[in-house]
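S.K.: A structural model of the following input is requested.
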Amino acid sequence: MKMTLSRKLSRAAHPRRVVLLVLVMLAALAVRPALAADDAAPPDHGPRPVITEIVSADPTDERAFPGIIEASHEVQLAFQTIGRIARLDVSPGDVVSEGDVLAVLDRVSLQEDLRAAEAALASARAEAEFAEQSYSRTRALADRDIASQATVEQVEAQRNATAAKVVAAEADLAAAEDALTYGSLTAPMDGVVLSTEVEAGAVVSAGTTVLTVAELAGREAVIDVPTEFLSLLPSDAMFELRRHAGSAAPVPARLRLVEPVADDILRGRRLRLAIEGNEGAFRIGSLITATYAAESEPVITLPLSAIAGREGAPEVWRVTPGSRVVHPVPVTPGVRIGDRIEIRSGIEVGDEVIVKGARSLEDGQTVGAREE
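M.R.: Below you'll find the predicted structure:
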């Protein structure tokens with residue numbers, strides 16, 4: 001009887017042990033992932049290294065352009081007739097005055113052309129006179145029914161042809177006389193000779209450039225800028241010109257012209273700047289550097305790599321001074337200038353901005369110290 005009661009109590013306790021065993025196993029399974037997660041957690045490497053830039057109001061290296069001084073007015077001179085150059089009295093760099101003889105054609109050949117034209121005119125006039133006399137005689141014979149009408153028409157045509165030859169010969173004579181006067185090339189203004197395209201003894205045709213003269217009173221600076229930079233410039237933008245050699249004070253210059261055709265190779269635009277200061281400080285052909293002098297709000301630019309965020313919502317990562325904690329800041333980008341972009345709002349001068357590594361940051365993350 002006692003054995004039967006003991007077996008019943010053992011059977012009643014067995015389900016309790018099973019339930020307890022199941023609870024212990026579930027607890028072990030719950031603890032294991034937590035331990036695995038702790039094992040997989042990456043070690044803390046400290047502040048993230050990045051490259052930053054202090055926002056500047058005057059990125060001079062992006063707004064200074066090399067250029068050259070040219071004359072405001074240049075003239076390419078050429079003879080108006082064909083001939084051989086007998087004299088070329090100037091060289092590049094020579095200063096000339098208005099009316100000075102710069103080059104002369106061979107007058108011997110020109111005078112021979114004139115004499116030939118005079119002889120051709122005399123011959124044409126003689127033929128015309130003979131044809132006129134023949135026509136008069138034939139007309140008289142025809143009135144007496146001795147010459148036929150066909151003969152009259154023939155001599156009349158001959159008379160008209162010789163008269164036309166006279167007109168042509170007179171035109172050739174006038175051209176020869178003009179050519180004789182065109183045999184000298186004179187300076188149309190006070191200036192300096194920039195270049196000579198031919199040498200003495202060369203045969204040139206009418207319109208072939210012989211030399212180039214630049215006016216003395218008028219110089220301008222010529223620079224090439226990226227096409228995108230034009231959107232930053234007002235129509236009367238001011239620049240400061242500096243010579244490559246020497247430490248003289250800068251000379252102001254104002255934008256005069258933006259040439260309408262873009263350069264196919266450099267993909268830029270050419271600007272012509274009127275010098276408003278001392279023009280005598282620059283010689284024609286001297287090299288200069290033109291720096292854009294913004295008179296309105298300062299232009300702030302950042303490298304393109306600094307722009308993060310999704311499409312339509314650009315932002316940059318600004319570093320908090322002291323704590324080195326970064327936060328995203330929405331910005332309004334402007335025009336692209338080479339490998340940089342204008343920032344119109346969102347940041348201020350003096351802010352420290354991430355320029356490399358900006359696409360893998362998190363809000364509130366700490367970055368390394370800035371290295372100068």
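S.K.: Same question for stretch 93-105: list its buried residues.
M.R.: Using 16 or more other Cβ atoms under 10 Å as the test for burial, stretch 93-105 gives Asp94, Val96, Asp100, Leu102, Ala103, Val104, Leu105. C-beta here means a position set from N, CA and C on the backbone, and glycine is covered the same way.
S.K.: Report the contact partners of the third one.
M.R.: In other words, Asp100. Residues in contact with Asp100 (Cβ atoms under 8 Å, 6 or more residues apart in numbering) are Thr186, Ala187.
S.K.: per-residue confidence at it?
M.R.: In this prediction, Asp100 carries a pLDDT score of 90.
S.K.: Tell me how far it lies from Ala78.
M.R.: When distances are taken as Cβ to Cβ, to the nearest Å, Asp100 and Ala78 turn out to be 17 Å apart.
S.K.: Sketch out the low-pLDDT regions of this protein for me.
M.R.: For the chain, residues meeting the criterion pLDDT under 70 lie at 1-46, 57-62, 108-110, 245-247, 263-266, 294-298, 371-372.
S.K.: in what helix or strand does the spatially most central residue of it lie?
M.R.: In the chain, the residue lying closest to the centroid (Cα atoms, centre = their mean) is Arg269, at 2.6 Å. Under the criterion DSSP states H and E, the helix or strand holding Arg269 is strand 268-275.
S.K.: which element follows that strand toward the C-terminus?
M.R.: strand 287-292.
S.K.: Could you list the buried residues of the helix or strand following that following strand?
M.R.: Following strand 287-292 in sequence order, the next helix or strand is strand 301-303 (DSSP H and E). Within strand 301-303, the residues scored as buried using 16+ other Cβ under 10 Å are Thr301, Leu302, Pro303.
S.K.: Wait, the second one touches Asp339, no?
M.R.: This points to Leu302. No. With contact taken as Cβ atoms under 8 Å, Leu302 and Asp339 are classed as non-touching, separated by 10.4 Å.
S.K.: any idea how far Ser305 is from the closest residue to Ile347 other than its chain neighbours?
M.R.: In this structure, Ile347 finds its nearest non-sequential neighbour in Val55, 5.6 Å apart by Cβ to Cβ, 6 or more residues apart in numbering. Taking Cβ to Cβ as the measure, Val55 and Ser305 are separated by 15 Å.
S.K.: Let me see the ranges of the strands in the stretch 201-350 of the chain.
M.R.: 203-204, 209-215, 219-226, 238-243, 251-258, 268-275, 287-292, 301-303, 308-310, 313-319, 326-330, 332-337, 340-345 (DSSP state E, counting those that start in this stretch).
S.K.: Compare those strands and report which one is nearest to Thr186.
M.R.: Each of the strands of the stretch 201-350 of the chain was checked against Thr186 via Cβ to Cβ, and the shortest separation belongs to strand 209-215, namely 10.4 Å.
S.K.: same for that closest one, what does it pack against?
M.R.: In terms of contacts (3 or more Cβ pairs under 8 Å, 6 or more residues apart in numbering; DSSP states H and E), strand 209-215 is packed against strand 64-71, strand 74-78, strand 83-88, strand 101-105, strand 191-196.
S.K.: ok, residues contacting that strand?
M.R.: Under the criterion Cβ under 8 Å, 6+ apart, residues 70-79, 85, 88, 90, 96, 102-103, 185, 187-198, 204, 284 lie in contact with strand 209-215.
S.K.: In it, which residues are buried?
M.R.: Using 16+ other Cβ under 10 Å, the residues of strand 209-215 that count as buried are Val210, Leu211, Thr212, Val213, Ala214, Glu215.
S.K.: Which strand residues bridge the last one?
M.R.: Counting by DSSP bridges, Glu215 forms beta bridges with Gly191.
S.K.: gap between it and Tyr182?
M.R.: Taking Cβ to Cβ as the measure, Glu215 falls 23 Å from Tyr182.
S.K.: got it, and the third one?
M.R.: With distances defined as Cβ to Cβ, the gap from Thr212 to Tyr182 amounts to 19 Å.
S.K.: what's the answer for the fifth one, then?
M.R.: Look at Ala214 and Tyr182: by Cβ to Cβ, they are 23 Å apart.
S.K.: Next, please give the residue ranges for the helices of the stretch 1-150 of the chain.
M.R.: Counting by DSSP state H, counting those that start in this stretch, the stretch 1-150 of the chain has these helices, from start to end: 2-40, 60-63, 107-143, 149-181.
S.K.: that older thread, surely the residue nearest to the centre of the chain is in contact with Ser231?
M.R.: No. Taking Cβ under 8 Å as the definition, Arg269 is not a contact partner of Ser231, at 11.1 Å.
S.K.: And Val203, how far from Gly83?
M.R.: Look at Val203 and Gly83: by Cβ to Cβ, they are 7 Å apart.
S.K.: Any of the contacts of strand 209-215 buried? List them.
M.R.: Among the contacts of strand 209-215, the ones that count as buried by 16+ other Cβ under 10 Å are 70-71, 77-79, 85, 88, 90, 96, 102-103, 185, 187, 191-194, 196, 198, 204, 284.
S.K.: Let me see the contact set for Pro252.
M.R.: If a contact means Cβ under 8 Å, 6+ apart, then Pro252 has Met238, Phe239, Glu240, Leu241, Ile275, Glu276, Gly277, Ala293 as its contacts.
S.K.: if we go to 10 Å?
M.R.: Taking Cβ atoms under 10 Å, 6 or more residues apart in numbering, we find Pro252 in contact with Met238, Phe239, Glu240, Leu241, Leu273, Ala274, Ile275, Glu276, Gly277, Asn278, Ala293.
S.K.: Let me know how buried the first one is, in neighbour terms.
M.R.: This means Met238. One way to gauge burial is a neighbour count; for Met238, by other Cβ atoms under 10 Å, it gives 17.
S.K.: ok, now the fourth one?
M.R.: Close neighbours of Leu241, defined as other Cβ under 10 Å, add up to 23.
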